[in-house]
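[1] turn this into a structure:
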Amino acid sequence: MQSHRIYFDNAATTALSSEVLAAMMPYLTDKFGNPSSVYSYGRETRLSVENARKTVAKLLGAHPGEIFFTSCGTESTNTAIHAAVRNLGCTHIITSPLEHHATLHTTEYVAELTGALLSHVKVTDKGHLDLAHLETLLQNHNAGRAVVSLMHANNEIGNLLDLHAVSELCKRYDAIFHTDTVQTVGHYPFNVSDMNIHFLNGSAHKFHGPKGVGILYINKALSIKPFINGGSQERNMRAGTENIYGIVGFAKALELAMEHYKKDSDYIQGIKSYMAQQLTAHFPDVSFNGDALGNSLYTVLNVAFLQSEKSDMLLFNLDMQGVCVSGGSACTSGANSVSHVIQSLYPQNYANIVPIRFSFSKYNTIAEVDKVIAILKEVL
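    I've put the predicted structure just below:
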């Protein structure tokens, strides 16, 4: 990472850890065998895949047979939602207007393709989901099963969902529960065996692992068909030669993240809190989107600046000063329009604010916050 830049967009992607790179390197050089081959080169890489699977499963409280390696969180979400409707008899898809586009676009597509009913859970003023409304939707569903697809932490505003509460509701009404945990796997300890979760996904590049590798947890009670056909990889569930070095990198990154979870999460929370304090002290008109200082992801702070001639160019001016932030998710940060998440929070007056997402990692410092505050004062 270039030293003159300040990187505050860790919810989009994170820097690859040197320890993770070291674990991956042998599989980029000497250990190049195809894991489907029967000779020693293949057996060597096959063993590395299965060891990585065991590591990930142990850290998530799952059985190794429930962990499937994919290319990313988006592929995992697609697999889960398609399978729920296609293989598990779900005729009602319940999601929310705050979801990542991987979920929003997939649920819309599958509903249109299959005729399944599509419903959205109401959102509170603070950006949390109305669980009473979720229960009403589940109660009023009659024919077939429902699938509930809700993210654990919102990728733009950071609000956290009560996974235990939602999983219990799904259990009560015999619904399939998929949760997008891309922003939280690697940032919180998980024990999926303690909850009624059917599908759960993660992506290595959100916690200092490599891009291009994700996981999908599929509860062992389910029987689904492959989403990608043409080979017997991933126990006949995902055709295609495995991303060996990516898989090794995922397991190593998750192992390191959980080993240092308490220290790193406390440190990052300190940076977030300090930035919130400094913003409030120096910019009286600033507010925070979502439940930023409450039940929220410790890595994300979404800030609302009042719309003005100067704030309209804020992203551009910060970039010119070497500060990397976004106006929303990585998938929409290049767009000029306000994201669907902010529009859902402020349906009447979203045009009056300029949202900026600051997201932090263990590699950020208080000194960087001070520098960004100084730049903001200069720009605004």
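[2] for stretch 60-70, how far is the first residue from the last?
    End-to-end distance of stretch 60-70 (Cα to Cα, to the nearest Å): 16 Å.
[3] nearest residue to Leu200 in space, please, no chain neighbours.
    Take Leu200 and drop its neighbours on the chain: the residue closest to it by Cβ to Cβ, 6 or more residues apart in numbering is Tyr217, 4.1 Å away. Yep, even glycine has a C-beta here, placed from its N, CA and C like the rest.
[4] make sure the one you found is indeed in a helix.
    No. Assessed with DSSP: H, G, I helix; E, B strand; the rest coil, Tyr217 is strand; it does not lie in a helix.
[5] partners of it in the sheet?
    Beta bridges link Tyr217 to Ile67, Leu200, judged by DSSP bridges.
[6] that one touches Ile197, doesn't it?
    Yes. Between Tyr217 and Ile197 there is a contact at 7.3 Å, judged by Cβ atoms under 8 Å.
[7] out of these two, which sits in the busier spot?
    Tyr217 (28 against 24; other Cβ atoms under 10 Å).
[8] contacting residues around that one?
    Residues in contact with Tyr217 (Cβ atoms under 8 Å, 6 or more residues apart in numbering) are 60, 62, 66-68, 192, 197, 199-201.
[9] same question for Phe190.
    Going by Cβ under 8 Å, 6+ apart, Phe190 touches 59-61, 181, 184, 200.
[10] mind listing which of the residues you listed are in helices?
    59-60 (DSSP state H).
[11] of the contacts of Phe190, buried ones?
    59-60, 181, 184, 200 (16 or more other Cβ atoms under 10 Å).
[12] for Val354, state which of those residues is nearest.
    Using Cβ to Cβ, Thr184 comes nearest to Val354 of those, at 27.0 Å.
[13] right, and that closest one touches Asn154 too?
    No. Using Cβ under 8 Å, Thr184 is not in contact with Asn154, being 10.4 Å away.
[14] okay, stretch 242-256 in CSV with CA atoms only?
    Listed next in CSV are the C-alpha coordinates belonging to stretch 242-256 (Å, rounded to 0.1, in the frame of the first residue of the first chain):
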residue,chain,number,x,y,z
GLU,A,242,-10.4,-25.3,-7.6
ASN,A,243,-8.7,-22.0,-6.8
ILE,A,244,-6.0,-23.7,-4.6
TYR,A,245,-4.0,-20.7,-3.5
GLY,A,246,-7.2,-18.7,-2.9
ILE,A,247,-8.6,-21.5,-0.8
VAL,A,248,-5.4,-21.8,1.2
GLY,A,249,-5.4,-18.0,1.6
PHE,A,250,-9.1,-17.9,2.8
ALA,A,251,-8.3,-20.5,5.6
LYS,A,252,-5.2,-18.7,6.7
ALA,A,253,-6.8,-15.2,6.7
LEU,A,254,-9.8,-16.6,8.8
GLU,A,255,-7.4,-18.3,11.2
LEU,A,256,-5.4,-15.1,11.7
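[15] neighbouring contacts of it?
    Everything outside stretch 242-256 that qualifies as a contact, by Cβ under 8 Å, 6+ apart, is 16-17, 19-21, 23-25, 27-28, 31, 35, 45, 48-49, 51-53, 55-56, 59, 69, 71, 185-186, 202, 204, 207-210, 212-215, 233-234.
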